[in-house]
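[1] Using only what follows, build the 3D model:
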Amino acid sequence: MILNKILKLRPSVSRIVFAHTKTCPTSKKPVCPASTGSQASGSSGGTALKRGEPGKVRMGMFPEEWFTFFHSKTGVSGPYLFGILVANYLVSKEVYIMEHEYYAGLSIFIMVAGGVKLLGPELAKFLDSQREAIEKELDQGLKNQLNVYETIIKDSKDMQMRAVGQKMLLDAKKENVAMQLEAAYRERLRLVYNAVKGRMDYHAKRSRVENRIHQKWMIDWILNNVRKSLTPDFEKQALNRAIEDLAAIAGRA
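    Sure, this is the predicted structure:
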């Protein structure tokens, strides 16, 4: 029984390890079953490892296929008779010699069979618990690996979004600098405009003041020259003429 448990356990563990270590074939199949299974597990959040069922055996070590091979030719008892005949031939022809090692092995087999009967169930439970622990550990490792990859993908997407945000921030900074340059340019234009306008206003006021001074000087010069050219006789004639004009105006009124 213990041998049967061990034989059942070894193929299952080897299949579990082989499922994690095998690579995709390159000639027969274009798609690796392990990769498709991992992709399907990624969508569902993880795949639980399943232990494969080993083939049936008889007497703890002989495959069931050996017995079914004789059923169609010799019947159900054929495999057992064949085994007995082969053993009889080996012993009778001294192909297999029963020396002291045979009896030592026979005693060891009896001890092992007794140990299997006594300790088999507990050992089987222990080995099954160890197998389940290995399966859980492998499942947990697979889940942790999937979580790590999901975290890496999430971080990569965040970094891409941050890169896009950095580009937008750089564009905004460039636009802000351009607006500052435009504001500085307009401020300098305003300063130049005010400076030129003040200078032109100064020249305009100066020109008006000079024109007023020149006009005043011209009027004073003309009046002085006119006064100098007036004689007492001319003033008397002008006064008389003004009186006559006033009298004529008064007569008309």
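
[2] The stretch 101-250 of the chain: strands as residue ranges?
    In the stretch 101-250 of the chain, no strands are defined using DSSP state E, counting those that start in this stretch.

[3] where along it do the helices fall?
    For the stretch 101-250 of the chain, applying DSSP state H, counting those that start in this stretch gives helices covering 232-252.

[4] Low-confidence bits of it, can you list those?
    Within the stretch 101-250 of the chain, not a single segment meets pLDDT under 70.

[5] make it 90
    Residue ranges of the stretch 101-250 of the chain with pLDDT under 90: 101-107, 109-125, 127, 161-167, 220-250.

[6] list the contacts for the residue in the chain sticking out farthest from the centre?
    Note on the chain: the largest C-alpha distance from the chain mean falls to residue 233, namely 116.8 Å (CA atoms, centre = their mean). Applying CB atoms under 8 Å, 6 or more residues apart in numbering to residue 233 gives no contacts. For every residue, glycine as well, the C-beta is placed using N, CA and C.

[7] Check the spacing between it and residue 240 real quick.
    11 Å (CB to CB, to the nearest Å).

[8] go on, residue 219?
    Residue 219 is 27 Å from residue 240, by CB to CB.

[9] Confirm residue 96 sits in a helix?
    No. Remark: residue 96 does not belong to a helix; assigned using DSSP: H, G, I helix; E, B strand; the rest coil, it is coil.

[10] How about residues contacting stretch 62-77?
    With CB under 8 Å, 6+ apart as the criterion, stretch 62-77 contacts 55, 56, 57, 58, 78, 79, 81, 82.

[11] what number of residues lie near the nearest residue to the second one once chain neighbours are set aside?
    To tie it back to what came earlier, the one meant is residue 56. Nearest residue to residue 56, sequence neighbours excluded (CB to CB, 6 or more residues apart in numbering): residue 64, at 3.9 Å. Using other CB atoms under 10 Å, residue 64 has 11 neighbouring residues.

[12] For residue 57, see how far away residue 64 is.
    6 Å.

[13] Now the residue nearest to residue 56: phi and psi?
    phi -70, psi -30 (degrees, to the nearest 10).

[14] now it: how far from residue 247?
    Plainly put, residue 64 is 167 Å away from residue 247 if you go by CB to CB.

[15] do residue 213 as well
    Distance, residue 213 to residue 247, by CB to CB: 42 Å.
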